[in-house]
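Trainee: Sharing a model prediction with you, sequence too.
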Amino acid sequence: MKTSQCLNPTIFVIFGGTGDLNMRKLAPALYNLQADGFMPKDYAIIGTARSKLTDAQFRDTIQAGVNQFSRSGKVKKEKWDKFAEHVSYNAVDVSAPDTFAVLKTNIEKIKAEFGPKTQVIYYLAVAPNLFPLIAQCLEKYDLAGDEESCRIVIEKPFGRDLETAKALNKLLTGIFTEKQIYRIDHYLGKETVQNIMAFRFANSFLEPLWNRTYIDHVQISVTEQLGVGDRGGYYDGAGAMRDMIQNHILQLLCLIGMETPINFEADEIRNKKVDVLKAMRPFGPEDIRFSTVRGQYSKGWVEGKEVPGYRSEKDVAADSNTETFAAIKFFVDNWRWQGIPFYVRTGKRLYQTSSLISIQFKDVPHQVFPAGVTEHWQQNRLIISIQPEMSIRLQVQAKRPGLDMVLNPVDMVFDYKGTYSAQAPEAYETLLLDVMLADQTQFMRADQVESAWELLMPVVNAWETKKSLSFPNYHADSWGPEDAEALIARDGFHWFTLPLKNED
Ligand code: NAP
């Protein structure tokens, strides 16, 4: 149960305080946590970056971010003034480590004021090449504390392959204990994603069906209409596999595939998730050929506007081999899931922005209805929609009203908006509160990150060493390359999409 009552005095040090992530996500999340009464009585937010700013300039900068990006709209003056009192700025240049001395003095001053129970949270919202430097400086200036007094939050990407992830883990765990390290994957903080566990483990009717006997296949689709925009420099060194599959999508797969935990403790849940990753079938050369598809978008038209192809985007190499689309068929080789395919796909500049999980159940063993009655027959499906719609739908067959017996698929729907009037918190609100409460359940442990990389490395290496000759191979505003349709069609299935609101 989350409550501000159990929070100790907290100092947030945000490295990258002037950056995009703080403007878009962190500052709005902290402001909303304060507005909703979830911050402790005593707290301080110290923004840091190289820019020379006064406290007032920094407050103005993040106010603009909150005004633009907060789910609750523009700040309310009274609430903002109260929040701003807790915010200050301290210029720190990671490549000039002596600037940490001033930071240390400031932290110690606030600690003396807040008392001995004060916890310090370092949030690394900076480019990944700065993660090791910051951790080393925190150690050098005796700022790394212990499990009670200090935590460090690391943004994604966590490594760019198995080797670099291991090296970063080694460095961090040489300075901090695992209990102090919070590797953030913001997908895990989303309401609908958290609800997967509630839905699976708080409802007894599902468990007997949740296995290879009753489930036909699983699909996870995370599709985006946007292209890379201004993030070409980052994305061209990453691609869909590193940006989405290694973290968000494999974590969703773990939530669907995991065994029932014996309790809701962070390590128990993370153990069960890592078991899924360890049971996933490794990729050999044949699997890479037949069970994976990569794509890159060409120019096209989106909502009446011409958009550039990936290779013409800002900061992207003209002959880039980076995939902006990936589709993969996974298997989880254990008793529950043996032989059941998990299809995942993700991409940019696709027809629709949505994150969907579809669990298709096996067909009835014997058809009792005559052909004319079952024209619109659809195997049962459970659809978890993470965004833009937040819903869980169970697709079942029902009789259409009328004198004739005609069956139609209908949806039994749990829709957040229709069920609850309160606005759902943003993922970052949930996760920042978890860090303050020292709850690691929704954060990645070292072995989770490494197992995910280990599984994907053969594909990453194969795609990097063998340049795609077919890129670009899908048009903006399409559903990706034709090969992705073939990947799933070969097994007799098709990718599931929710109809757009105006498309029913
Ligand atoms: P960004 O906009 O480029 O911000 C980088 C920040 O780092 C700036 O505040 C910059 O400020 C500071 N900085 C750069 N060099 C520094 C140095 N030597 N010493 C101290 N500060 C330095 O990046 P971002 O988009 O916020 O991303 C930050 C991290 O979050 C990255 O790891 C990214 O992958 C991750 N992430 C971002 C998003 C997002 O939506 N933006 C989403 C998921 C993950 P100065 O130039 O003033 O020093």
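Mentor: Now that the structure is in, tell me what you want to look at.
Trainee: CA atoms only: put whatever helix or strand residue 109 lives in into CSV for me.
Mentor: Element membership for residue 109 (DSSP states H and E) is helix 99-114. Taking Å, rounded to 0.1, in the frame of the first residue of the first chain, the C-alpha atoms of helix 99-114 are listed here in CSV:
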residue,chain,number,x,y,z
THR,A,99,32.2,20.2,-8.9
PHE,A,100,30.9,17.3,-6.8
ALA,A,101,32.5,18.9,-3.8
VAL,A,102,29.9,21.7,-3.8
LEU,A,103,27.1,19.2,-4.4
LYS,A,104,28.3,17.2,-1.3
THR,A,105,28.3,20.4,0.8
ASN,A,106,24.7,21.1,-0.3
ILE,A,107,23.5,17.6,0.4
GLU,A,108,25.1,17.6,3.8
LYS,A,109,23.5,21.0,4.7
ILE,A,110,20.1,19.7,3.8
LYS,A,111,20.7,16.4,5.6
ALA,A,112,21.7,18.2,8.8
GLU,A,113,18.4,20.1,8.6
PHE,A,114,16.2,17.0,7.8
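Trainee: List the buried residues in it.
Mentor: Using 16 or more other CB atoms under 10 Å as the test for burial, helix 99-114 gives 99-100, 103, 106-107, 110-111, 114. All C-beta atoms are positioned from the backbone trio N, CA, C, and that covers glycine.
Trainee: which one of these is nearest the ligand?
Mentor: residue 99 (8.2 Å; CB to the nearest ligand atom).
Trainee: Distance to the ligand and pLDDT added to the buried residues of helix 99-114, as JSON lines?
Mentor: As requested, these are exported to JSON lines (distance: CB to the nearest ligand atom, whole Å; pLDDT from 0 to 100):
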{"residue": "99", "distance to the ligand": "8", "pLDDT": "89"}
{"residue": "100", "distance to the ligand": "10", "pLDDT": "93"}
{"residue": "103", "distance to the ligand": "11", "pLDDT": "95"}
{"residue": "106", "distance to the ligand": "15", "pLDDT": "96"}
{"residue": "107", "distance to the ligand": "16", "pLDDT": "97"}
{"residue": "110", "distance to the ligand": "20", "pLDDT": "97"}
{"residue": "111", "distance to the ligand": "22", "pLDDT": "96"}
{"residue": "114", "distance to the ligand": "25", "pLDDT": "97"}
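Trainee: Serialize those to a markdown table and add fields for distance to residue 401.
Mentor: Shown next, in a markdown table, are the buried residues of helix 99-114 (distance: CB to CB, whole Å):
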| residue | distance to residue 401 |
| --- | --- |
| 99 | 72 |
| 100 | 71 |
| 103 | 69 |
| 106 | 69 |
| 107 | 68 |
| 110 | 67 |
| 111 | 68 |
| 114 | 65 |
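Trainee: which bits of the stretch 1-150 of the chain sit near the ligand?
Mentor: 16-21, 24, 49-51, 92-95, 125-128, 130 (CB under 6 Å from any ligand atom).
Trainee: For whatever residue of the chain ends up closest to the ligand, list the residues it contacts.
Mentor: Here the chain gets closest to the ligand at one residue, residue 19, 2.3 Å apart by CB to the nearest ligand atom. By CB atoms under 8 Å, 6 or more residues apart in numbering, residue 19 lies in contact with 49, 125-126.
Trainee: thinking again about what came up before, report the angle between the helix or strand that comes right after the helix holding residue 109 and helix 99-114.
Mentor: Using DSSP H and E, the helix or strand that follows helix 99-114 towards the C-terminus is strand 119-124. Strand 119-124 and helix 99-114 are oriented at 150 degrees to each other (axes from the mean of the first three to the mean of the last three CA atoms, to 10 degrees).
Trainee: hey, C-alpha coordinates of strand 119-124 in CSV?
Mentor: The C-alpha coordinates for strand 119-124 follow below in CSV (Å, rounded to 0.1, in the frame of the first residue of the first chain):
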residue,chain,number,x,y,z
GLN,A,119,17.5,9.3,2.3
VAL,A,120,19.3,10.5,-0.9
ILE,A,121,18.2,9.4,-4.3
TYR,A,122,20.5,10.0,-7.3
TYR,A,123,18.6,10.0,-10.6
LEU,A,124,20.9,9.6,-13.6
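Trainee: got the contact list for that strand?
Mentor: 8-16, 26, 107, 111, 130-131, 134, 138, 143, 145, 148-155, 435-436, 438.
Trainee: Tell me which of those residues fall in helices.
Mentor: 107, 111, 131, 134, 138, 435-436 (DSSP state H).
Trainee: The contacts of residue 19 into a markdown table, with extra columns for pLDDT, distance to residue 346 and neighbour count?
Mentor: Shown next, in a markdown table, are the contacts of residue 19 (pLDDT from 0 to 100; distance: CB to CB, whole Å; neighbours: other CB atoms under 10 Å):
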| residue | pLDDT | distance to residue 346 | neighbour count |
| --- | --- | --- | --- |
| 49 | 97 | 31 | 23 |
| 125 | 97 | 23 | 24 |
| 126 | 96 | 25 | 20 |
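Trainee: ok so residue 220 is a helix residue?
Mentor: No. Going by DSSP: H, G, I helix; E, B strand; the rest coil, the assignment for residue 220 is strand, not a helix.
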